[in-house]
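# Sequence first, then the predicted structure, then my questions.
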Amino acid sequence: MGTVWFSQLAVSLFLAGLLGGALSPVGCLSFNFPTFPHEYPPELQMSKKSRIFLDAIQVTPDSKGLKDLKDNSGRVFYETQFRLKSKSKGVTAAFNTTFILNITPQTSPGGEGMAFILAADTALPEASSGQWLGIVNATTNGSSQANVVAVEFDTRKSYPEDLDDNHVGLNVNSIYSIKRVSLADYSVNLSSAADVEARVQYDGKNISVFVSMTKYGTRQGMPVLSLPLNLSQHLPEKVFVGFSASTSNYTELNCVRSWEFNGEDVGDENPELLWVWITVPTVLVLCGIAFYLYLQRNHREQPEDAYPRIEDQIKGSSVAPRRFRLKELRKATGNFNPKNKLGRGGFGTVYKGFLENKEVAVKRVSKDSTQGKQEFIAEVTTIGNLHHKNLVKLIGWCYEKRDFLLVYEFMPNGSLDKFIFDYEQLGNEESPTLGWEKRRIIVYGVAEALDYLHNGCEKRVLHRDIKASNIMLDSDFNAKLGDFGLARIVQQRGKDHHTTKEIAGTPGYMAPETFLIGRATVETDIYAFGVLVLEVICGRKPGNQNEDNDYNNGIVYWLWELYRRERILDAVDSRLAGEFDEQGMVRMLVLGIACCHPNPHHRPSMKTVLQVLTGEAPLPPVPIERPSFVWPAMPPSFKQDPDISLIGGQLSPFTQLTGR
């Protein structure tokens, strides 16, 4: 019976696809490249020297050899033509395209510029470098045979008619614009090496150009250029859409970082397909009903979701994050293309994506992880209404088709651990070393974030997983605390801890009492912060490195021993080459040790930590010898929970350690 049912469904879907295919609008063109993978997308046609590099189209060559950059021109087109006009209807198609340009001068000044073009063919005109921008050459300039319309983004005043070296122009079969507008009055600098967002909009009669700097996060509301234009008078029925660019003795890197195009269909109706319009709705309705019944039947045969009301839990607990559809996030990440992968953690993978032309980080929780679902709910409900400059901002979430996704602001420099541990893997020998001042600012930023979680929120939040890989760095290397998958809110009044059935955290960062009491406390967060301080300053991982006997027990024991010998500065990362404030460095290292005191009651609060870092308070007392860990700690700070029992004078065993 099941086989017959599925066969009938397959036939119905086949008919629907067949008939639907007959109706596909041949003139409509729509595509979106949020980024460009290293493999050349087959949909793009590139001239000889154009290529894709660093997730962007290099319309003209990107090379370290200056001679390779001179006197070049290039073109890049989408392979499918766009039907611009309908002969029978006499109408011109509308379109809307948005792209991000990045122009980086290699000489002073740079040159020459880029253009968005609509052309009859993809051939790059010979000798079209220099002032010609790859649009035309000296022979075709001004000729109707050129069959090209361009919106130029000019970065050099190549001839007297040019306004300046930072303007937009509209060109019809010529390099001489019929209208030019300087961008100086719009706070846009094309040659700033920063991303510039441009939008070209055509309604069939008028063309408008919008330009803005993406770093401000807003799109210009008014066009910088707008005028009437009948494209059908200058271009053939079908055109290619794309970009051109050029250099001369003045050179620059001409890059396109993202590109979206949407054009309407003006294709002629085929009378022979009229019957299809009558039949298709009926077939599709029947097919839809069959498919719905199949899904319902299949759903009954599936095991019940362990978290059937995830949406209700999130909506009931969080007010800020936006809910995204799965198809939006698939599109934003190139269908979770491995090339867009930023990293992988214990509960999922993080991808780089583009949403509304803004870079984001999309965390996809592993489907096979039941614990990952718990972390998903915790992360949304915990930080959905937290707002602090040193916390990674949660933009939105998605739960659909058993996919759990979180959308965060994108942090260009990634996680801190790559700079203090894996610096040799960042790409080349020129990778930046974090200096003393940057490390100090990073530590202070994390301290501010923790103080906000512990003391500044409406409800106290315990992070429970503070470590270098969860500290993200923005473009200026400012630190932001992220990954709240293990975070918990202390909701009960007068309660200062979170009791858990599983000991959560990462070995090396976990306070010694965690393994006995099964609790997360403010003090356990502070211990992890202390380990973070030590590893940031020393450039070493917290665990056993097997480098020398003094380090075998981990970074805390090693630092405390150096402190006892009055040789604590020996621990400083050798890459700093002695370029640091010795008094400030000693203060920072001793503060890290103080936060890692075996007795939680001797650890400073985050308010005290901030005061020490700013010099407003003295260092807390730190014994020369590291005290032994004794439990219960004196003075006693934890009343015994009813769920923790003594068996034969010992604490009853807990469940296994879960770390990342």
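Cool, got the structure. Residues are numbered from 1 along each chain as shown.

# My understanding was that residue 234 contacts residue 173; is that so?
Yes: using C-beta atoms under 8 Å, residue 234 is in contact with residue 173, at 6.4 Å. C-beta: built from backbone N, CA, C; applies to glycine.

# So for these two, which sits in the more crowded spot?
Just comparing residue 234 and residue 173: by other C-beta atoms under 10 Å the higher neighbour count belongs to residue 173, 20 against 17.

# Now for that one: which residues touch it?
By C-beta atoms under 8 Å, 6 or more residues apart in numbering, residue 173 lies in contact with 136, 140, 141, 142, 143, 144, 146, 147, 148, 149, 234.

# how about the strands in the stretch 551-660 of the chain?
Using DSSP state E, counting those that start in this stretch, the strands of the stretch 551-660 of the chain run over 646-647, 650-651.

# in the stretch 551-660 of the chain, which ranges drop under the pLDDT threshold?
For the stretch 551-660 of the chain, applying pLDDT under 70 flags the ranges 551-553, 632-660.

# mind listing the helices for it?
Ranges of helices within the stretch 551-660 of the chain are 555-564, 582-595, 606-613, based on DSSP state H, counting those that start in this stretch.

# buried sites along the second one?
So that's helix 582-595. For helix 582-595, a neighbour-count test (16 or more other C-beta atoms under 10 Å) marks 585, 587, 588, 589, 590, 591, 592, 593, 594, 595 as buried.

# Okay, residue 578 and residue 435: tell me how far apart.
12 Å (C-beta to C-beta, to the nearest Å).

# Mind checking which of these two has more residues around it?
Shown here are residue 578 and residue 435; by other C-beta under 10 Å, residue 435 has more neighbours (15 against 9).

# Hmm, residue 577 and the more buried one touching each other?
No: using C-beta under 8 Å, residue 435 makes no contact with residue 577, being 9.6 Å away.

# ok, residue 51 - contacts?
40, 57, 58, 61, 62.

# now the residues you listed: which count as buried?
Buried among the contacts of residue 51 (16+ other C-beta under 10 Å): 57, 58, 61, 62.

# And the furthest pair within these?
Taking C-beta to C-beta, the two most distant members of those are 57 and 61; they sit 11.8 Å apart.

# So for the two, which residues contact both of them?
50, 51.

# how about residue 532, phi and psi?
phi -60, psi -40 (degrees, to the nearest 10).

# quick one on the thing from earlier: and which of the buried ones among the contacts of residue 51 is nearest to residue 458?
The shortest approach to residue 458 among the buried ones among the contacts of residue 51 belongs to residue 57, at 47.2 Å (C-beta to C-beta).

# Of all the helices of the stretch 551-660 of the chain, which one is nearest residue 28?
If we rank the helices of the stretch 551-660 of the chain by C-beta to C-beta, the stretch that ends up nearest is helix 606-613, at 57.2 Å.

# What are the buried residues along the closest one?
Those would be 606, 608, 609, 610, 612, 613, for helix 606-613 by 16+ other C-beta under 10 Å.

# among the helices and strands of this protein, which has the poorest mean pLDDT?
Across the helices and strands of the chain, the lowest-confidence element by mean pLDDT, DSSP states H and E is strand 646-647, at a mean of 31.

# can I get the helices of the stretch 551-660 of the chain in CSV with distance to residue 354?
Shown next, in CSV, are those (distance: least, C-beta to C-beta, whole Å):
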stretch, distance to residue 354
helix 555-564, 39
helix 582-595, 39
helix 606-613, 36
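
# Which of the ones you listed sits closest to residue 446?
When those are ranked by distance to residue 446, counting by C-beta to C-beta, first place goes to helix 606-613 at 9.8 Å.

# so what's residue 162 up against?
Residue 162 neighbours (C-beta under 8 Å, 6+ apart): 154, 156, 180.

# Nearest to residue 109 among those?
residue 156 (6.2 Å).

# Next, count neighbours for the closest one.
Applying other C-beta under 10 Å, we find 24 other residues in the vicinity of residue 156.

# same thing with residue 338?
9.

# Sort out for me which of the buried ones among the contacts of residue 51 are in helices.
Among the buried ones among the contacts of residue 51, the subset assigned to helices under DSSP state H is empty.

# Go through stretch 609-628 and flag the buried ones.
609, 610, 612, 613, 620, 622, 626.

# what's the closest non-adjacent residue to the fourth one?
Pointing back at residue 613 there. residue 444 (5.3 Å; C-beta to C-beta, 6 or more residues apart in numbering).

# How about the contacts made by residue 457?
Residue 457 touches residue 386, counting by C-beta under 8 Å, 6+ apart.

# how far away is it from residue 259?
Taking C-beta to C-beta, one finds residue 457 at 42 Å from residue 259.

# rewinding a little: closest one to residue 211 out of the contacts of residue 173, please.
residue 149 (17.7 Å).

# and the end-to-end length of stretch 556-570?
End-to-end distance for stretch 556-570: 14 Å, by C-alpha to C-alpha, to the nearest Å.

# Only the buried residues of it, if you could.
Using 16+ other C-beta under 10 Å as the test for burial, stretch 556-570 gives 556, 558, 559, 560, 561, 562, 563, 568.

# how about the residues you listed in JSON lines, adding distance to residue 602?
Output for the buried residues of stretch 556-570, formatted as JSON lines (distance: C-beta to C-beta, whole Å):
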{"residue": "556", "distance to residue 602": "14"}
{"residue": "558", "distance to residue 602": "20"}
{"residue": "559", "distance to residue 602": "16"}
{"residue": "560", "distance to residue 602": "13"}
{"residue": "561", "distance to residue 602": "18"}
{"residue": "562", "distance to residue 602": "20"}
{"residue": "563", "distance to residue 602": "15"}
{"residue": "568", "distance to residue 602": "19"}
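
# Please, where are all the strands along the stretch 1-150 of the chain?
Under DSSP E, counting those that start in this stretch, the stretch 1-150 of the chain gives strands at 29-33, 44-46, 51-53, 56-58, 73-78, 82-83, 85-86, 91-92, 95-105, 113-119, 148-154.

# and the closest residue to residue 52 other than its chain neighbours, what does it touch?
Leaving aside its sequence neighbours, residue 52 sits nearest to residue 36 (C-beta to C-beta, 6+ apart; 4.9 Å). By C-beta under 8 Å, 6+ apart, residue 36 lies in contact with 52, 55, 56, 57, 256, 257, 258.

# pretty sure the residue nearest to residue 613 is in contact with residue 612, am I right?
No: the pair residue 444 / residue 612 is not scored as a contact, 10.5 Å apart, by C-beta under 8 Å.

# Burial check on the closest residue to residue 522 other than its chain neighbours, number of neighbours?
Nearest residue to residue 522 in three dimensions, chain neighbours excluded: residue 454, at 5.3 Å (C-beta to C-beta, 6+ apart). The criterion is other C-beta under 10 Å. On that basis, residue 454 has 20 neighbouring residues.

# do residue 223 as well
Residue 223 has 18 nearby residues by other C-beta under 10 Å.

# Which helix or which strand is home to residue 350?
strand 348-355 (DSSP states H and E).
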